[in-house]
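K.L.:
A structural model of the following input is requested.
(one chain, ligands or ions: 3)
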Amino acid sequence: MPLAFASSSSPSIPLHVVEEDALSAWLETQDATVRNWLNGMGFKAELGKVALVPDAQGMPALAVAGYGTRDRRARDRFALARAQAALPAATYRLANADALPDLDEAALGWLLSQYRFDRYKSGTAPGAALIAPEGVDSARIEAIAAGEALTRDLINTPASDMGPDQLDRAARDLAAEFGADISVVAGEDLLSRNFPMIHAVGRASARAPRLIDMTWGEAGPRLVLVGKGVCFDTGGLNIKPAASMGLMKKDMGGAATVLGLARMIMASDMPLRLRVLIPAVENSISGSAFRPQDILTSRKGLTVEVNNTDAEGRLVLADALTLASETPCDLLVSMATLTGAARVAVGPDLAPFYSTDESVSAALKAAAVRAADPVWEMPFHAPYEEMIEPQIADLDNAPSGGFAGSITAALFLRRFVGEDIRYVHFDIYGWQPKAAPARPKGGVGQGARALLAALPEVL
Ligand code: BES
Ligand code: MN
Ligand code: ZN
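P.N.:
Ligands and ions are numbered 1, 2, ... in the order given. Okay, here's the model as predicted:
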């Protein structure tokens, strides 16, 4: 279901958002019925607590959403989304929008809180709806919400219905919707077209590996987005233990996030030339699987010793980054659920990123705050380059010891990026482990809104 604001002409219940400290003053401005009702139920305006106040017929006359304290809200993003989740299904309009410090964030959080993954379960209603508050650009916020919903849907869809072929289909559908061009190199053609590492990782699966290449926009700076599209990561012959494999339908989270970001860019008609590259594979096991100690020759010509078939993401991304670097490009971004080490370092809520350009990093960090999409900069630490250099090949895909696992993966990717290209790499998690405001448990985009907000400054 689309995440959209209610029509401004629909019948609606006024919603008052009230901080704990402001409650008694606000109650004084209301008539005795409202005061008595809320006092009677012990309403304290704690964050996330809501109440409906009836009129004489017992119909809802107004709603009130507790907004807690500033200290309590500092622990949340999208604080108003708590009210969306708590209120009964009806249409609401903000009665005191001026009480909210950031209306865009409040309105976006409300829409994102309405997200449901309903492909396999009917009867999941989106709940409370909101009339777009005055002064927000509702089309822009709906475009962002639609991009994020696409990301979540793609991640949440199990690998049985989201293999390389279906990810390809999803990209084609998106391209068709916005008039983008798309071409796909699949199966054995990956060898003749020189994408040897995408082929090596994906060839063991019954579902053919592929490289998806979508382009959109006639003029303006060139932005290339590369997303890891590992539709399921068993680990390959270095098979993952059960507990580590459990969530691996989300290993196409980078692809899902760049498609969501592409949707935001195209829907808001940004003046740029966009290219999206997705190596889509299933890291599977069969007689044709690539093996530990195999040495692969990449598209770039660099040789890679496979020391762990579970470090597959960097292999497929490397060939895509090489392709991206073969034509002029003003900013190259990769997004990937690349390492467990990134999770250990920053947990599920922060999107760690690496950047070859300080002004891009600065713009991204500032934009992340504005977009309520937290990021954390990590270093391309050159002294660790030696960790990815084995004895008998140019590169090692899985340095022994495992020190700085996210950094060595990022350094590996950088080897495949053209010298003078500005490059940003996100090592994301793509999954909300337990429900939070505006983010139900399940697939989630990370870094896309920060990038979207930073683009006008960096391109
Ligand atoms: N897809 C995983 C990384 C991952 C695991 C991301 C769990 C998020 C949650 C990736 O392909 C992988 O298996 N990486 C290995 C690399 C190692 C073998 C060098 C890892 O991080 O353990
Ligand atoms: Mn893996
Ligand atoms: Zn993986």
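K.L.:
per the record, what domains does this structure have?
P.N.:
Domain ranges of the chain: 13-136, 141-458, per automatic domain parsing.
K.L.:
And G405, how far from Y384?
P.N.:
The spacing between G405 and Y384, counted by C-beta to C-beta, to the nearest Å, is 10 Å. All C-beta spots, glycine's among them, are computed from the backbone N, C-alpha and C.
K.L.:
Likewise for A262?
P.N.:
Counting by C-beta to C-beta, the gap from A262 to Y384 is 32 Å.
K.L.:
Between these two, which has more neighbouring residues?
P.N.:
Higher neighbour count among A262 and Y384: A262, with 26 against 16, using other C-beta atoms under 10 Å.
K.L.:
element containing that one?
P.N.:
Here A262, judged by DSSP states H and E, is contained in helix 253-267.
K.L.:
In the stretch 301-450 of the chain, where is pLDDT below threshold?
P.N.:
Of all residues in the stretch 301-450 of the chain, none has pLDDT under 70.
K.L.:
interface residues of it facing ligand 1?
P.N.:
308, 310-313, 337-341, 343, 398, 405, 429 (C-beta under 6 Å from any ligand atom).
K.L.:
Can you narrow these down to the ones near ligand 3?
P.N.:
Applying C-beta under 5 Å from the ion, the subset of these adjacent to ligand 3 comprises G313.
K.L.:
of the residues of the stretch 301-450 of the chain next to ligand 1, buried ones?
P.N.:
The neighbour-count test (16 or more other C-beta atoms under 10 Å) marks 308, 310-313, 337-339, 341, 343, 398, 405, 429 as buried among those.
K.L.:
Reformat the domains of the chain as a markdown table; add distance to A4.
P.N.:
Output for these, formatted as a markdown table (distance: least, C-beta to C-beta, whole Å):
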| stretch | distance to A4 |
| --- | --- |
| domain 13-136 | 7 |
| domain 141-458 | 6 |
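K.L.:
winner for burial among these?
P.N.:
Greatest average neighbour count among the domains of the chain goes to domain 141-458 (a mean of 21), per mean count of other C-beta atoms under 10 Å.
K.L.:
hmm, back to that, quick check: mean pLDDT across the helix holding A262?
P.N.:
Here helix 253-267 scores 99 as its mean pLDDT.
K.L.:
Can you show me the CA trace of it as PDB?
P.N.:
Included here for helix 253-267 are C-alpha records, laid out as PDB according to Å, rounded to 0.1, in the frame of the first residue of the first chain:
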ATOM      1  CA  GLY A 253      20.100  -4.800   1.300                       C
ATOM      2  CA  GLY A 254      22.600  -2.600  -0.600                       C
ATOM      3  CA  ALA A 255      20.800  -3.300  -3.900                       C
ATOM      4  CA  ALA A 256      17.500  -2.600  -2.200                       C
ATOM      5  CA  THR A 257      18.800   0.700  -0.700                       C
ATOM      6  CA  VAL A 258      20.300   2.000  -4.000                       C
ATOM      7  CA  LEU A 259      17.000   1.100  -5.800                       C
ATOM      8  CA  GLY A 260      15.100   3.000  -3.100                       C
ATOM      9  CA  LEU A 261      17.400   6.000  -3.400                       C
ATOM     10  CA  ALA A 262      17.200   5.800  -7.200                       C
ATOM     11  CA  ARG A 263      13.400   6.000  -6.800                       C
ATOM     12  CA  MET A 264      13.700   9.100  -4.600                       C
ATOM     13  CA  ILE A 265      16.000  10.700  -7.100                       C
ATOM     14  CA  MET A 266      13.800  10.000 -10.100                       C
ATOM     15  CA  ALA A 267      10.500  10.800  -8.400                       C
END
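K.L.:
what are the pairing partners of the next helix or strand after that helix, and which direction each?
P.N.:
Remark: after helix 253-267, the chain's next helix or strand is strand 273-283, criterion DSSP H and E. Paired neighbours of strand 273-283 in the sheet (DSSP bridges): strand 210-216 (antiparallel), strand 222-227 (parallel), strand 229-233 (parallel).
K.L.:
out of the ones you listed, nearest to R422?
P.N.:
Ranking the strands paired with strand 273-283 by proximity to R422 (C-beta to C-beta) places strand 222-227 first, at 10.3 Å.
K.L.:
Next, see if the closest one gets close to ligand 3.
P.N.:
No. Judged by C-beta under 5 Å from the ion, strand 222-227 makes no contact with ligand 3; its nearest approach is 12.4 Å.
K.L.:
Quick one: residues in contact with that strand.
P.N.:
With C-beta atoms under 8 Å, 6 or more residues apart in numbering as the test, strand 222-227 has contacts from 252, 254-259, 261-262, 265, 272-278, 317, 320-321, 324, 327-336, 455, 459.
K.L.:
excluding its backbone neighbours, what's nearest the residue in the stretch 1-150 of the chain that ligand 3 sits nearest to?
P.N.:
Using C-beta to the ion, the closest approach of the stretch 1-150 of the chain to ligand 3 is made by L150 at 21.0 Å. Distance criterion C-beta to C-beta, 6 or more residues apart in numbering; nearest residue to L150, sequence neighbours excluded, is G260 at 4.8 Å.
K.L.:
Make sure the one you found is actually in contact with I155.
P.N.:
No. If you go by C-beta atoms under 8 Å, G260 and I155 don't touch, sitting 9.5 Å apart.
K.L.:
distance of the residue of the stretch 1-150 of the chain closest to ligand 3 from V224?
P.N.:
19 Å.
K.L.:
Please list all residues in contact with whatever residue of the chain ends up closest to ligand 3.
P.N.:
Residue nearest to ligand 3 within the chain: D233 (3.8 Å; C-beta to the ion). If you count contacts by C-beta under 8 Å, 6+ apart, D233 has them with K240, M245, M248, D251, N283, D310, E312, G313.
K.L.:
can you pull the pLDDT of it?
P.N.:
Reported pLDDT for D233: 99.
K.L.:
ok, what's across the strand from it?
P.N.:
N283.
K.L.:
Show me where the stretch 51-200 of the chain has its strands.
P.N.:
For the stretch 51-200 of the chain, the strands defined by DSSP state E, counting those that start in this stretch cover 60-66, 91-94, 129-130, 181-186.
K.L.:
neighbouring strands for the last one, and are they parallel or not?
P.N.:
In other words, strand 181-186. Here strand 181-186 is paired, per DSSP bridges, with strand 210-216 (antiparallel).
K.L.:
can you list contacts of the strand it pairs with?
P.N.:
With contact meaning C-beta under 8 Å, 6+ apart, strand 210-216 is reached by 164-165, 167-168, 171, 174-175, 178-187, 190, 195, 198, 202, 229, 262, 265-266, 273-281, 319-320, 323.
K.L.:
what residues does the stretch 51-200 of the chain put near ligand 3?
P.N.:
Residues of the stretch 51-200 of the chain lying near ligand 3 (C-beta under 5 Å from the ion): none found.
K.L.:
which residues touch R140?
P.N.:
By C-beta under 8 Å, 6+ apart, R140 lies in contact with S268.
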